[in-house]
Structure formats: structure tokens, C-alpha cells
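[1] Structural data only, the sequence is not supplied:
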């Protein structure tokens, strides 16, 4: 139970992956109903998709008044499948209502 | 001559395209020798590459002391080839020395 809790993300984080874009838009909007601030996170090629998600929320749902806060970029050292280590870029976009 | 001046980018901007990543890293470093602050800009799928360029400069050349400033995300309405308008996400990363 402890380990499960440890592997869970904080409830105000949305990690962008390979699902359809609107899946993440919806997930973020649901979180924003519960939390004042949501962090949309992505790494590697999903970074562009994270920006798309943030823009769809802020521009198309603009009348509800969501806004983009701090945008943080960084990189992580990850172990690739061939056992080598490589750097992958990351992004963290703060969206608040 | 006026129109040429108008179409030129500001000298402290680097627009990320499809060339090899290190081309943009070098171009940004050259600009940083002349300007205290450089804006690395990209749109659409090049956004991830812009983050990569910024991370390479800050992490690998970290001893020179470049740092990431404001990261701004936005979107632009562009005319696609089929004549339709669509939104494309953009990023602007401030790097300073």
C-alpha cells in the first residue's frame, strides 16, 4: 500500500502520453474542477502535445478564465532500452483557474 | 531595403526548424556572445527541439553560466495548405548569460 502510494502521481499532475489529445484536455479540466492549479507534464516528443493541451484549455475554454502560470523546462537522465543513459527534455506547464 | 529590414527577425531571436539540432545550439551560442539575452522560438513539432536546444546550452555548457529565463507558450492562427485556418502552438524560451 505504501509503494502504491509512492508510485502515484500527485493528484494535480497530468502526464501527457500517446492517447488522443482530447483525453488529456478532459483530464486536465476535471482536475481543474477540484484543484486550483494543475501541472501538465511531458517529456521528449510529447512536449509539443503538452503545449497543445494547455493552449486548447486556455484559448477554447477562455471564457471560463483558465490561465497559464509558470512554464518550466528541464531535462532528465533516463536509461534507454540499450542500457545507455541519455538526456530527455521535460516540460511542466502550470494551469490555474 | 525597408521591406528587407521588416522581414528580418530581431537579431536576438533564433527560430528552430528542421536542421540538425547542433546548428541551432551553435547559432544560439554565437548570438549569446553578442547579446545578453536570446529568444529561442519554435512552433508545432519543433517545440520539443527548442526545449532540447535550451537544455543542451544550459546543461552541457553550464560552466559558462547560461540560464533559462522566461518560457512563454502561445498559439498562432495559421493558414494551412488546404486553405483552412488552424491553430499551431508556439514556444519562446529566453536564454541569458
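    Right, received. Where do you want to start? Everything quoted here is computed from the prediction, not taken from an experiment.
[2] Could you list the contact residues of chain A toward chain B?
    Remark: the part of chain A in contact with chain B comprises A:44-48, A:51-52, A:54-55, A:59, A:68, A:71-75, A:87, A:89-91, A:93, using Cβ under 8 Å from any Cβ of the partner chain. All C-beta atoms are positioned from the backbone trio N, CA, C, and that covers glycine.
[3] let's go with 10 Å and repeat that
    On the criterion Cβ under 10 Å from any Cβ of the partner chain, chain B has as its neighbours in chain A the residues A:42-56, A:58-60, A:68, A:70-77, A:87-93.
[4] residue ranges of the helices in chain A, please?
    With DSSP state H applied, chain A shows helices at A:2-7, A:21-34, A:47-55, listed in chain order.
[5] Now do the same contact list for residue A:19.
    By Cβ atoms under 10 Å, 6 or more residues apart in numbering or on different chains, residue A:19 lies in contact with A:27, A:49.
[6] Could you check how far it is from residue A:47?
    Using Cβ to Cβ, to the nearest Å, residue A:19 is found at 16 Å from residue A:47.
[7] Output the helices of chain A in CSV; the columns should cover mean neighbour count.
    As requested, the helices of chain A are arranged in CSV below (neighbours: other Cβ atoms under 10 Å in any protein chain shown):
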stretch, mean neighbour count
helix A:2-7, 7
helix A:21-34, 16
helix A:47-55, 26
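[8] Would you mind giving those helices as TSV with distance to residue B:29 and mean pLDDT added?
    TSV is the format used below for the helices of chain A (distance: least, Cβ to Cβ, whole Å; pLDDT from 0 to 100):
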stretch	distance to residue B:29	mean pLDDT
helix A:2-7	40	45
helix A:21-34	34	94
helix A:47-55	22	96
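[9] Serialize the ones you listed to JSON lines and add fields for distance to residue B:28.
    Output for the helices of chain A, formatted as JSON lines (distance: least, Cβ to Cβ, whole Å):
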{"stretch": "helix A:2-7", "distance to residue B:28": "38"}
{"stretch": "helix A:21-34", "distance to residue B:28": "30"}
{"stretch": "helix A:47-55", "distance to residue B:28": "18"}
